[in-house]
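Asks: Provide a 3D model corresponding to the input given below.
(2 chains)
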Amino acid sequence: MTNGPLLVGLLALAGVAAATLLGLALAGFARRLSRPYLLVALALATLLARVGVAAAAMGGLLSEADHHLAEHVLDVLMAALVIAAVYTARSARGTDAAERTHEPAPDGGRAPGAGADATDDGVSERD
Amino acid sequence: MTEAENATRRTIHDRIRERPGVHVNALVRDLDLAPGQVQYHLRRLDRAGRVVGDELFGRTHYYTPEFDGWERGALALLHRETSADIVAELLAAGPLPAGETAERVGIARSTCSWHTGRLAEAEVVRTTRDGNRVLLSVAEPERTARLLGRVDPSLPERLVDRFTRLFDSMVAE
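Replies: Okay, here's the model as predicted:
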């Protein structure tokens, strides 16, 4: 392969970047322990998996056809996970508010149907 | 104790004095030492009463003994950039309603709520009722301001904080 060294360099770079992003997402999940954070971490894990698949193909462990298929399956998976993360971000907060006594609402009254209560879910548990 | 051991222990102690509330991973990373080595020296320093380890928010933070329990909890939280931003805003303009605090700091309400929840648990932030609004203020402004000057979050800490900020603001209302 003529562009071998370039490809190896790019893959290494992609691996470091994807691992860093995944690390951040996992740290975010460890903090919040919420479904949207888990989903976004899984979405970023597919980015790292893509690097793994490419490396496996380069090492001759995967045929070109399988490599191609795997990359596109990972694309679909990533898109689906991001959509699910965005979707559950809304419903996770809906559940959050329903479980608590005070519905968090901006004091400017930007949320329709929200009262003037300026509390928030983190604090309202204690007052 | 050998000379080298002595020097390593002093380096660790100095680092904890410089960055009160630092945790083991950060010490390992910043000082480029082996985790076992750091653990060993921390145990010795702890036994000699030169550092205090406090298990807070799922990890052990280390301090020099000059800080009391409340200060240790406050420092551990102020290491989070966004928590520090919220506290700085409340020091400057508090008491403020939660929504306005989030707006002034420039973060999503969910981010603000998560941080103020932890800060209130550690009694750094106080919540008071004003009619049907909840106002946030700093419980001990002078002590907190002094502690705020002592924190300097590491790059990974800043990045995790900014990642959650970005994600929350992307999916926020």
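
Asks: show me where chain B has strands.
Replies: All strands of chain B, identified by DSSP state E, fall at B:22-23, B:52-56, B:59-63, B:96-97, B:125-130, B:133-138.

Asks: If you could redo that for chain A, that was the one I meant.
Replies: Under DSSP E, chain A gives no strands.

Asks: before we move on, back to that, same list (the strands of chain B) but as CSV, adding mean neighbour count.
Replies: Where C-beta positions appear, they are placed from N, C-alpha and C, glycine not excepted. Formatted as CSV, the strands of chain B follow (neighbours: other C-beta atoms under 10 Å in any protein chain shown):
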stretch, mean neighbour count
strand B:22-23, 21
strand B:52-56, 16
strand B:59-63, 19
strand B:96-97, 21
strand B:125-130, 16
strand B:133-138, 21
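
Asks: Make TSV out of those strands and add mean pLDDT.
Replies: Output for the strands of chain B, formatted as TSV (pLDDT from 0 to 100):
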stretch	mean pLDDT
strand B:22-23	86
strand B:52-56	83
strand B:59-63	86
strand B:96-97	90
strand B:125-130	88
strand B:133-138	88
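
Asks: As CSV, these with distance to B:Ile16 would be great.
Replies: Formatted as CSV, the strands of chain B follow (distance: least, C-beta to C-beta, whole Å):
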stretch, distance to B:Ile16
strand B:22-23, 6
strand B:52-56, 9
strand B:59-63, 5
strand B:96-97, 34
strand B:125-130, 26
strand B:133-138, 25
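
Asks: As JSON lines, those strands with distance to chain A would be great.
Replies: JSON lines is the format used below for the strands of chain B (distance: least, C-beta to the nearest C-beta, whole Å):
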{"stretch": "strand B:22-23", "distance to chain A": "13"}
{"stretch": "strand B:52-56", "distance to chain A": "13"}
{"stretch": "strand B:59-63", "distance to chain A": "10"}
{"stretch": "strand B:96-97", "distance to chain A": "3"}
{"stretch": "strand B:125-130", "distance to chain A": "5"}
{"stretch": "strand B:133-138", "distance to chain A": "4"}
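
Asks: Not counting its neighbours along the chain, what's nearest residue 39?
Replies: Unless you meant another one, I'm taking chain A. A:Ala85 (3.7 Å; C-beta to C-beta, 6 or more residues apart in numbering or on different chains).

Asks: Chain B is the one I meant
Replies: With C-beta to C-beta, 6+ apart as the criterion, B:Gln39 has its nearest non-adjacent residue at 6.9 Å, and that residue is B:Val24.

Asks: Now residue 25: closest residue in space that isn't a chain neighbour?
Replies: Since no chain was named, I'll use chain A. Nearest one to A:Ala25, counting by C-beta to C-beta, 6+ apart, is A:Ala41 at 3.8 Å.

Asks: sorry, should have said chain B
Replies: For B:Asn25, the closest residue by C-beta to C-beta, 6+ apart turns out to be B:Arg59, at 7.7 Å.

Asks: OK, contacts around the residue nearest to A:Leu39?
Replies: A:Arg35, A:Pro36, A:Tyr37, A:Leu39, A:Val40, A:Ala43, B:Val171 (C-beta atoms under 8 Å, 6 or more residues apart in numbering or on different chains).

Asks: Check what pLDDT the fourth one gets.
Replies: Looking at A:Leu39, its pLDDT is 94.

Asks: how much space is there between the residue in chain B that chain A sits nearest to and B:Leu75?
Replies: Nearest residue of chain B to chain A, counting by C-beta to the nearest C-beta: B:Gly117, 2.3 Å away. Here the distance between B:Gly117 and B:Leu75 works out to 18 Å (C-beta to C-beta, to the nearest Å).
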